[in-house]
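# This is a predicted model, with the sequence first.
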There are 2 protein chains.
Amino acid sequence: MKNVNVAIVGATGAVGTKILEKLVERNFPATSIKLLASKRSAGNEIEAGGNTYIVQETTPEAFEGIDIAFFSAGGSISEKFAQDAVKSGAVVIDNTSAFRMDPNTPLVVPEVNPQELKNHSGIIANPNCSTIQMVAALKPIKDQYGLNKLIVSTYQAVSGAGVEAIDELAEQSKQFANRSEIEAEVLPSASAKRHYPIAFNAIPQIDSFGESGYTLEELKMINETKKIFSDQNMSVAATCVRLPVVSGHSESVYIEIDHDDVTVKDIQSLMENAPGIVLQDDPASQLYPMPLYAEDKDEVFVGRIRKDLDNPKGFHLWIVSDNLLKGAALNSVQIAEALIK
Amino acid sequence: MKNVNVAIVGATGAVGTKILEKLVERNFPATSIKLLASKRSAGNEIEAGGNTYIVQETTPEAFEGIDIAFFSAGGSISEKFAQDAVKSGAVVIDNTSAFRMDPNTPLVVPEVNPQELKNHSGIIANPNCSTIQMVAALKPIKDQYGLNKLIVSTYQAVSGAGVEAIDELAEQSKQFANRSEIEAEVLPSASAKRHYPIAFNAIPQIDSFGESGYTLEELKMINETKKIFSDQNMSVAATCVRLPVVSGHSESVYIEIDHDDVTVKDIQSLMENAPGIVLQDDPASQLYPMPLYAEDKDEVFVGRIRKDLDNPKGFHLWIVSDNLLKGAALNSVQIAEALIK
């Protein structure tokens, strides 16, 4: 691919705008960038890198001449238009959950399983935000010491639920300060029957409920982690919780490795040398990752690394990253960069 | 004890005021209630149950004639004055960490280990807030099915760090709304060298750092849980995180029991019949515990009960309670009630 014509479906959304920003910032060799969205948003102007882009309606014909199409407008839009893009000759990089568990669709984090990119049939899936940052940090540990068991509890930002959720948190915070009634219409998810305030609260529901009492977000983390690591024997568990944080997912992760003689320093040194990972781990100077400081950063931040006090094969980590960047837009653009290499 | 003369040390603090409220609300048979605090607060008036109490300075002599002395003014105050209270003939119910791990001091949650109350030598310790709600919920499970392993990640409210932290969260939320600079002076702890904003953030540090990279809060949860359950062989791990929530600690808890044929319904039915526990667990109607709704409630709320998908002996629970009530003031008053029974 020399002349790369790019389309972004869902270009007006929280992730879509970040994809455009990252393409510009990283000098992605795009001959053209086409912004697609719903009919309602068509005609809107978006500025980036000194250029003005006019948003167009997503139609089956919109993908003619497109080489790479980023999809980030929800699963139903991907299901509706991804095959049109593929038929037009584009490679789809899909940021929704529509195709992630399809056995014919690679699910890729470039630092973790770039080899899977060879096997696509037109669609490459971008994993769930909370999964990406976790597997990026755990990959070097799995390679070096094995990884049998993983239990994660998440602390997720509202931006993962879109622009409306960010606005809702801001509005509720003001309502709280003014002692007026708190209105909740977006979270835990727009399609949910009941909505709860997120300001000054923690909601243990992300996405809707699936089988066995798990939420779809929890099942995504479990199933996607096993698929990305190509390891169905790994034990993976997740509890996903939404917090009053704007951007930046945090994760309390417990792992069990194969060896019982590994030290905290061993894990720290792996993190220091891992691509895209920044070690922030110095209790004496109160250095540890926090979502407020991860916002707008590309990296995955890892700290609070501790050896379990009862199990010599157990370790605890605290992993934080901007869910809109490495968790979504950046990872998608990195997939595109790997494709055209 | 027929005529019970009560003192509250730290009566002007977040927990001290709740102890007074609970004594009044529960008709504790107190002949007199003496409010003690620092010299700075002496002379302040506090109203409760239609009475006005005048705060007095805490001195060794202040405990004369006192039968039960609640201490909730920080570990150093307990270390300074608890023995004076004991020498005056009072039983001390200490809400600080000063004596919790002392082998001669019972560490009591009345629903869990009331038998320990018989063995005190003048001081009874009230466990850490995050420990109390967890052991209260897990006790019936441990009794029925055994409990070998426990991994908890906490989502803790600022009220656990005192009135100053509550004020700081409110102030920072306003600063954020006004786009003015965020000032941080209290959290993660007043004595810390560095302070970080809590509004729209998550801080993975509660209390200062101890051995092996663990915070004192994490070590409290680990050591106190083993002591309360009288089980040093149990594997216990904790990661403690402070959130922008006013009151109400939440906990994502993973447990491993002895049996592999236990169902979610079995655990739910234990919770329904446990004293002080309220089961809130119905995914279909989005019923689960949340800190915003646990505020000012006495009970411990349990939901999101799931069987681990890979380990038939593993279960996940979400446990929420008001950290100032069952986590502190209420548990202290319940200890006093058990003592005078």
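Structure's in. What do you need?

# Next, count neighbours for A:Tyr254.
Using other Cβ atoms under 10 Å in any protein chain shown, A:Tyr254 has 22 neighbouring residues. Using the backbone N, CA and C atoms, a C-beta is placed for each residue, glycine as well.

# where does it fall, helix, sheet strand or coil?
Taking DSSP: H, G, I helix; E, B strand; the rest coil as the rule, one finds A:Tyr254 in the strand state.

# And it, how far from chain B?
Between A:Tyr254 and chain B the distance is 5 Å, computed by Cβ to the nearest Cβ, to the nearest Å.

# Quick check, A:Ala48 in contact with A:Lys22.
No. A:Ala48 is beyond contact range of A:Lys22, at 9.9 Å (criterion: Cβ atoms under 8 Å).

# Give the residue from those two that has the larger number of neighbours.
Shown here are A:Ala48 and A:Lys22; by other Cβ under 10 Å, A:Lys22 has more neighbours (23 against 16).

# Identify the residues contacting that one.
If a contact means Cβ atoms under 8 Å, 6 or more residues apart in numbering or on different chains, then A:Lys22 has A:28, A:325, A:329-330, A:333 as its contacts.

# Doesn't it lie inside a helix?
Yes. Counting by three-state DSSP, A:Lys22 falls inside a helix.

# Quick check, pLDDT for it.
Per-residue pLDDT puts A:Lys22 at 98.

# any idea how far chain B is from it?
As judged by Cβ to the nearest Cβ, A:Lys22 and chain B stand 23 Å apart.

# which non-adjacent residue is nearest that residue?
In space, and not counting its chain neighbours, A:Lys22 is closest to A:Val333: 4.5 Å by Cβ to Cβ, 6 or more residues apart in numbering or on different chains.

# Do a quick rundown of the strands in chain A.
With DSSP state E applied, chain A shows strands at A:4-9, A:30-37, A:45-48, A:51-54, A:56-57, A:68-71, A:91-94, A:123-125, A:149-155, A:235-239, A:249-256, A:277-279, A:300-307, A:314-321, listed in chain order.

# which one of those has the most crowded surroundings?
Highest mean neighbour count of those: strand A:68-71, a mean of 29 (counted as mean count of other Cβ atoms under 10 Å in any protein chain shown).

# who does it touch, helix- and strand-wise?
Packed against strand A:68-71 by the contact rule (3 or more Cβ pairs under 8 Å, 6 or more residues apart in numbering or on different chains; DSSP states H and E) you find strand A:4-9, helix A:75-87, strand A:91-94, helix A:330-340.

# Now with 6 Å, please.
strand A:4-9, strand A:91-94 (3 or more Cβ pairs under 6 Å, 6 or more residues apart in numbering or on different chains; DSSP states H and E).

# tell me which parts of the stretch 201-341 of chain A are close to chain B?
A:201-202, A:204, A:209, A:213-214, A:235, A:237, A:239, A:244-246, A:250, A:252, A:254, A:283, A:286, A:288, A:290-292, A:304, A:306, A:308, A:310, A:316, A:318 (Cβ under 6 Å from any Cβ of the partner chain).

# The closest residue in space to A:Ser212 that isn't next to it in sequence: what's it in contact with?
Among residues not flanking A:Ser212 along the chain, B:Arg306 sits closest, at 6.2 Å (Cβ to Cβ, 6+ apart). For B:Arg306, the contact set (Cβ atoms under 6 Å, 6 or more residues apart in numbering or on different chains) comprises A:213-214, B:316.

# Show me what B:Arg306 bridges to in the sheet.
Counting by DSSP bridges, B:Arg306 forms beta bridges with B:His316.

# Tell me how far A:Pro204 lies from A:Leu147.
As defined by Cβ to Cβ, to the nearest Å, A:Pro204 lies at a distance of 26 Å from A:Leu147.

# Could you list every helix and strand in contact with the helix or strand of chain A with the lowest mean pLDDT?
Sorting the helices and strands of chain A by mean pLDDT, DSSP states H and E puts helix A:163-177 at the bottom, at a mean of 92. When contacts are defined as 3+ Cβ pairs under 6 Å, 6+ apart, helix A:163-177 packs onto helix B:163-177.

# Flag every buried residue along the helix it packs on.
For helix B:163-177, the neighbour count (16 or more other Cβ atoms under 10 Å in any protein chain shown) marks B:165-166, B:168-174, B:176-177 as buried.

# which pair in the residues you listed spans the largest distance?
Taking Cβ to Cβ, the two most distant members of those are B:Ala165 and B:Ala177; they sit 19.0 Å apart.

# For the stretch 1-150 of chain A, give me the ranges with low pLDDT.
For the stretch 1-150 of chain A, residues meeting the criterion pLDDT under 70 lie at A:1-2.

# Pick out the residue in it sitting closest to chain B.
Per Cβ to the nearest Cβ, the residue of the stretch 1-150 of chain A with the smallest distance to chain B is A:Lys149, at 8.0 Å.

# Show the contacting residues for the most centrally placed residue in chain A.
Nearest residue to the geometric centre of chain A (Cα atoms, centre = their mean): A:Cys129, 1.9 Å. Neighbour list for A:Cys129: A:160, A:323, A:327-328 [criterion: Cβ under 6 Å, 6+ apart].

# What segments of the stretch 101-250 of chain A are helices?
Secondary structure of the stretch 101-250 of chain A (DSSP state H, counting those that start in this stretch): helices at A:129-145, A:163-177, A:216-228.

# dump the residue contacts of the nearest residue to A:Ser78 once chain neighbours are set aside.
What sits nearest to A:Ser78 in space, not counting adjacent residues and going by Cβ to Cβ, 6+ apart, is A:Ala98, at 4.1 Å. Contact analysis of A:Ala98 by Cβ under 6 Å, 6+ apart lists A:75, A:78-79.

# Next one: the closest residue to A:Lys297 other than its chain neighbours from chain B, what distance?
Spatial nearest neighbour of A:Lys297, chain neighbours left out: A:Asp322 (5.7 Å); criterion: Cβ to Cβ, 6+ apart. Computed with Cβ to the nearest Cβ, the distance linking A:Asp322 and chain B is 13 Å.

# Which residues are in contact with A:Asp322?
A:247-248, A:294-295, A:297.

# got the domain boundaries for chain A?
Recorded structural domains for chain A (assignment: automatic domain parsing) are A:4-126+A:328-340, A:131-323.

# What is the end-to-end distance of the first one?
Terminal residues of domain A:4-126+A:328-340 are spaced 9 Å apart (Cα to Cα, to the nearest Å).

# same deal with the last one?
With Cα to Cα as the measure, the ends of domain A:131-323 fall 10 Å from one another.

# Also stretch A:269-283?
16 Å.

# what do you get for stretch A:83-95?
Note: stretch A:83-95 ends 15 Å apart using Cα to Cα.

# how far is that stretch from where the chain is centred?
Distance of stretch A:83-95 from the chain centroid (Cα atoms, centre = their mean, to the nearest Å) equals 20 Å.

# swap in stretch A:266-276?
21 Å.

# Stretch A:175-191 too?
On Cα atoms, centre = their mean, the centre of stretch A:175-191 falls 25 Å from the chain's centre.

# quick one: contacts of that stretch?
So stretch A:175-191 is contacted by A:164-165, A:168, A:172, A:195-199, A:203, A:205, A:207, B:174 (Cβ under 6 Å, 6+ apart).

# for it, which positions count as buried?
Buried residues in stretch A:175-191 (16+ other Cβ under 10 Å): A:176-177, A:182, A:184, A:186-189.

# Tell me which two of those residues sit farthest apart.
Longest distance between any two of those is 25.7 Å, between A:Ala177 and A:Ser189; criterion Cβ to Cβ.

# What does the pLDDT read for the closest residue to A:Glu164 other than its chain neighbours?
Among residues not flanking A:Glu164 along the chain, A:Val186 sits closest, at 4.8 Å (Cβ to Cβ, 6+ apart). pLDDT for A:Val186: 96.

# Same check on the one 3 residues further on?
Reading off the confidence values, A:Ser189 has pLDDT 89.
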